[in-house]
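>>> I would like the atomic coordinates for the input below:
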Amino acid sequence: MRNPFNHQQVSRISLNSDVVDCIVFWTKNPANLVNKLSVLDRMNYHYYFQFTLTPYGRDVEPNLPDKQDMISTFINLSKMIGRDRMAWRYDPVVLTGRLDQKYHYREFEAMVQKLAPYTERCIISFLDFYEKTKRNMAGLNVVRSDMPEMREIAGNFMKIARSHGLRLETCAEEVDLTDIGIENGKCIDDKLISKILGRDMFFKKAQGQRKTCGCISSIDIGAYNSCPHNCLYCYANYSNDLVKANIALHDPNSPFLIGRPQDDDKVIQKKMESCIQVQ
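Modelled structure (predicted):
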């Protein structure tokens, strides 16, 4: 994996199942992966999904499949692996003149009715205004929420979720919502991983993340500027042209997601160890 801020600095990461306790898939569209999960099962990998499903149209998420198809994918995947291994992300909450509070309450409730039987929790977050996000969304007249509005929206989401037996969590939000029953969640979740493995584990807190991030330590093997969905709020794509160029460099026979090894690469073996407690 290349360091995104230093191209020649490369980490070699072991994917041996003896040191990979669990894989967490972040995705908006896992359809191509569903039929390959049996391969991971045979190789003794454990995994769960963070599945983002939002109600936006192609003006915000231009290259995603039809949302009803995505809901069907979510349901089918949950039936395969279990609802406890499916975390639904309604993320981010984008507010514009058209995508107002009433829009979100209506769409959120419609999605909750369909997804609640197939997941135990929903993770919400509000739009972060990165410079590239502001540039990409300039034509949508996005409204920046203040803390009181975030609390109001989250409170109404909580009522809807609770009425369908769904746990609501936030992801690294500055606003404290614990008084209305919404905990700050953990995307890389120690309790869930221990449950999936059925083992006692010892985890370290993730370093270098935002103070409000509750995740345990993990290794991200993704790459910036590699997703063709081109959602306007995305912080991981700098430009569509760069995404296209990178996708063209993908080689399934390469150890890199994008491109191939280069002569001036400085390769460092990443230290890997299992978190399973040995009795």
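>>> Alpha carbons of the helix or strand of the chain with the lowest mean pLDDT, as PDB, please.
Within the chain, judged by mean pLDDT, DSSP states H and E, the helix or strand with the poorest mean is helix 131-136; its value is a mean of 86. Output of helix 131-136 as PDB, limited to C-alpha atoms (Å, rounded to 0.1, in the frame of the first residue of the first chain):
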ATOM      1  CA  GLU A 131     -12.500  22.200   0.600                       C
ATOM      2  CA  LYS A 132     -13.000  19.600  -2.100                       C
ATOM      3  CA  THR A 133     -16.500  18.900  -0.800                       C
ATOM      4  CA  LYS A 134     -17.400  22.500  -0.900                       C
ATOM      5  CA  ARG A 135     -16.000  22.800  -4.400                       C
ATOM      6  CA  ASN A 136     -17.900  19.700  -5.700                       C
END
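>>> what's in contact with that helix?
Contact with helix 131-136 is made by 127, 142, 232, 233, 234, 235, 237, 238, as judged by CB atoms under 8 Å, 6 or more residues apart in numbering. Just so you know, the C-beta spots here come from the backbone N, C-alpha and C atoms, and that holds for glycine as well.
>>> and residue 195, what helix or strand is that in?
Residue 195 is located in helix 190-197, with elements delineated by DSSP states H and E.
>>> which is the next helix or strand following that helix?
Tracing the chain past helix 190-197, the next element assigned as helix or strand by DSSP H and E is helix 240-248.
>>> Walk me through which strands the very next helix or strand once past that next one pairs with, and which way each runs.
Per DSSP H and E, helix 240-248 leads on to strand 266-269 as the next helix or strand towards the C-terminus. For strand 266-269, sheet partners with direction are given as strand 6-12 (parallel), following DSSP bridges.
>>> going on from the strand it pairs with, what's the next piece of helix or strand?
Next along from strand 6-12, by DSSP H and E: strand 23-27.
>>> which parts of that following strand are buried?
Residues of strand 23-27 classed as buried: 24, 27 (neighbour count, 16 or more other CB atoms under 10 Å).
>>> I'd like to check the angle between that strand and helix 190-197, please.
When axes from the mean of the first three to the mean of the last three CA atoms, to 10 degrees is applied, the directions of strand 23-27 and helix 190-197 differ by 110 degrees.
>>> Run me through the strand neighbours of strand 23-27, direction for each.
Using DSSP bridges, the strands paired with strand 23-27 in its sheet are strand 47-52 (parallel).
>>> And the contacts of the partner strand?
The contact list for strand 47-52, computed with CB under 8 Å, 6+ apart, reads 22-28, 30, 37, 40, 74, 77, 81, 84-91, 123, 187, 192, 196.
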